[in-house]
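Colleague: With the sequence up front, the predicted model follows.
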Amino acid sequence: MSWKALIWGLTCTIFALILKLLSVVIIGGRTTRKRAVGFFHPYTNDGGGGERVLWCAVKAIQDERSDLDCLVYTGDHDASPESLIARAIDRFGVQLLYPPKVVHLHKRKWIEEATYPRFTMIGQSFGSVYLSWEALSKFTPQYYFDTSGYAFTYPIARMFGCKVICYTHYPTISLDMLSRVRGRRSLYNNDALIAQSILLSQCKAIYYLFFSWMYGIVGSCADLAMVNSSWTQSHIENLWGIPDRIKRVYPPCDTSGLQALPLERPVKSPTIISVAQFRPEKAHTLQLEAFSVAIRKLDADTPRPKLQFVGSCRNKADEERLQNLKNLAIELKVEEDVEFYKNLMYRELVRLLGSAVVGIHSMIDEHFGICVVEYMAAGAIPIAHNSAGPKMDIVLEEDGQQTGFLAQNVEEYADAILKVLSMPETERLKMAAAARRRAGRFSEQRFYEDFKSAIRPILSNSSQ
């Protein structure tokens, strides 16, 4: 055993003893756990892939263990059992077996990005500790299930005597993030002012190292950690040091419904669709700039395409980003060719996907990329960022046939758009068919099977 592994083991053991002592002193040794699974998901209206995972996870638990109640900890004060079961079916096409119970949280501001202008990551993490304390004080379930990536809540759940399960979409911090800081590369999570300064970059690297150490400690408190991709699995195994408790479960994608759509698309007015929340890391600006470049490079005989942005807004900052995107379309003189759809119902999203020739996605280190799979299942050729989930798991050859394109910058995205638009229809149909077959590997049914297989041992081994 290496000295690093020995130190890590001793640290985790000491931490576990401290947790045990605190649970006796603070909780008083009382057993107040209910026969239930509590899903910690403070934002039940974000409309993203994480929310789809939440509802599919609730459905899987309801199907697997009907004797366990399912409840959701949410900071959305208008959420009710009836509204949530309706939202699951209307927004994601997920039919729950019965409405989940709801526990309302009133301290959600402590995990909001705006609360921490600086040291946002660690601020939100410690804020989640406070929020989870509120949640578990109101209702203590037998199983605490985190579906939003708040690993710092796991020790609190252990203190309350819960079994801790999580579905991790992406690590709060990764080795890639640390590498960018050390390399002084500016990005949405590394301010240009810091990237330009050697001293500030070194200070931030130390901060990241300290945070990754803490993240590893709290993450190791999970009894079962499900991860959504090969990229996420690699990082979580390195950070948390519990490879035997980590299971890869690809997220649920609506491949069956989308695969029923015809592969043929309108030739005269091709559409390019972009499905993503209006968050900074989704890099919508890059997509718009690439579309503008592609428009300028179009051959005279190539049909002029339309770009459709489809996404949800979580807060005022997202609303501002959406407005800035509309303003940029005007500056680039493509406003007549761009359409925006906010908080769209699922059936309307399916309608748009059924007409799209191209599906574009540009987040760097996208942990998985549910929407990329949905593009492929619907028959739209995907153009995704050449990193993480799309690169390692999704946009790969199927039976020797190319299934889409990977790109990294404006020019590469523009070139990929032009390639699809100028592709002969027979070639496009061949690629779209291969992409659809590939998407079948990430079906909702596959998620249910793998999810139940992962949770079955921990549910059966716990005291009844």
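Modeller: Looks like it arrived, so ask away. Numbering: from 1, shown residues only.
Colleague: wait, Pro251 sits on Ile370?
Modeller: Yes. Under the criterion of C-beta atoms under 8 Å, Pro251 is in contact with Ile370, at a separation of 5.4 Å. C-beta here means a position set from N, CA and C on the backbone, and glycine is covered the same way.
Colleague: Give the residues shared as contacts by the two.
Modeller: Counting by C-beta atoms under 8 Å, 6 or more residues apart in numbering, the shared contacts of Pro251 and Ile370 are 49, 52.
Colleague: His169 - how many residues pack around it?
Modeller: Residues near His169, counting by other C-beta atoms under 10 Å, number 23.
Colleague: Okay, it and Ala114: tell me how far apart.
Modeller: Applying C-beta to C-beta, to the nearest Å, the value for His169 to Ala114 is 22 Å.
Colleague: Over to Asn315?
Modeller: 8 Å.
Colleague: Looking at those two, which one has more neighbours?
Modeller: Asn315 (13 against 10).
Colleague: Need the pLDDT of the more buried one.
Modeller: On pLDDT, Asn315 comes in at 82.
Colleague: Asp415 now?
Modeller: Asp415 is given a pLDDT of 97.
Colleague: what's the answer for Phe92, then?
Modeller: Per-residue confidence (pLDDT) for Phe92: 86.
Colleague: Repeat that for Leu209.
Modeller: 85.
Colleague: Next one: Phe340 from Lys326, what distance?
Modeller: Between Phe340 and Lys326 the computed distance is 6 Å (C-beta to C-beta).
Colleague: where along this structure do the strands fall?
Modeller: With DSSP state E as the criterion, the chain has strands at 34-40, 69-74, 101-104, 141-146, 163-168, 224-227, 246-248, 271-275, 306-311, 338-342, 356-360, 381-385, 405-407.
Colleague: Neighbouring strands of the second one in the sheet, and parallel or not?
Modeller: Think strand 69-74. Sheet pairing of strand 69-74 (DSSP bridges) gives strand 34-40 (parallel), strand 101-104 (parallel).
Colleague: Next, format the strands of the chain as a markdown table and append distance to Val53 and mean pLDDT.
Modeller: What follows is the strands of the chain, written out as a markdown table (distance: least, C-beta to C-beta, whole Å; pLDDT from 0 to 100):
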| stretch | distance to Val53 | mean pLDDT |
| --- | --- | --- |
| strand 34-40 | 10 | 95 |
| strand 69-74 | 13 | 96 |
| strand 101-104 | 18 | 96 |
| strand 141-146 | 11 | 97 |
| strand 163-168 | 6 | 97 |
| strand 224-227 | 9 | 98 |
| strand 246-248 | 14 | 97 |
| strand 271-275 | 16 | 96 |
| strand 306-311 | 17 | 96 |
| strand 338-342 | 22 | 95 |
| strand 356-360 | 20 | 97 |
| strand 381-385 | 19 | 97 |
| strand 405-407 | 24 | 98 |
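Colleague: Can you add mean neighbour count and distance to Ala60 and give the ones you listed back as JSON lines?
Modeller: Formatted as JSON lines, the strands of the chain follow (neighbours: other C-beta atoms under 10 Å; distance: least, C-beta to C-beta, whole Å):
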{"stretch": "strand 34-40", "mean neighbour count": "23", "distance to Ala60": "10"}
{"stretch": "strand 69-74", "mean neighbour count": "24", "distance to Ala60": "10"}
{"stretch": "strand 101-104", "mean neighbour count": "18", "distance to Ala60": "17"}
{"stretch": "strand 141-146", "mean neighbour count": "26", "distance to Ala60": "11"}
{"stretch": "strand 163-168", "mean neighbour count": "24", "distance to Ala60": "11"}
{"stretch": "strand 224-227", "mean neighbour count": "25", "distance to Ala60": "11"}
{"stretch": "strand 246-248", "mean neighbour count": "17", "distance to Ala60": "14"}
{"stretch": "strand 271-275", "mean neighbour count": "25", "distance to Ala60": "24"}
{"stretch": "strand 306-311", "mean neighbour count": "22", "distance to Ala60": "26"}
{"stretch": "strand 338-342", "mean neighbour count": "16", "distance to Ala60": "30"}
{"stretch": "strand 356-360", "mean neighbour count": "27", "distance to Ala60": "27"}
{"stretch": "strand 381-385", "mean neighbour count": "28", "distance to Ala60": "27"}
{"stretch": "strand 405-407", "mean neighbour count": "20", "distance to Ala60": "32"}
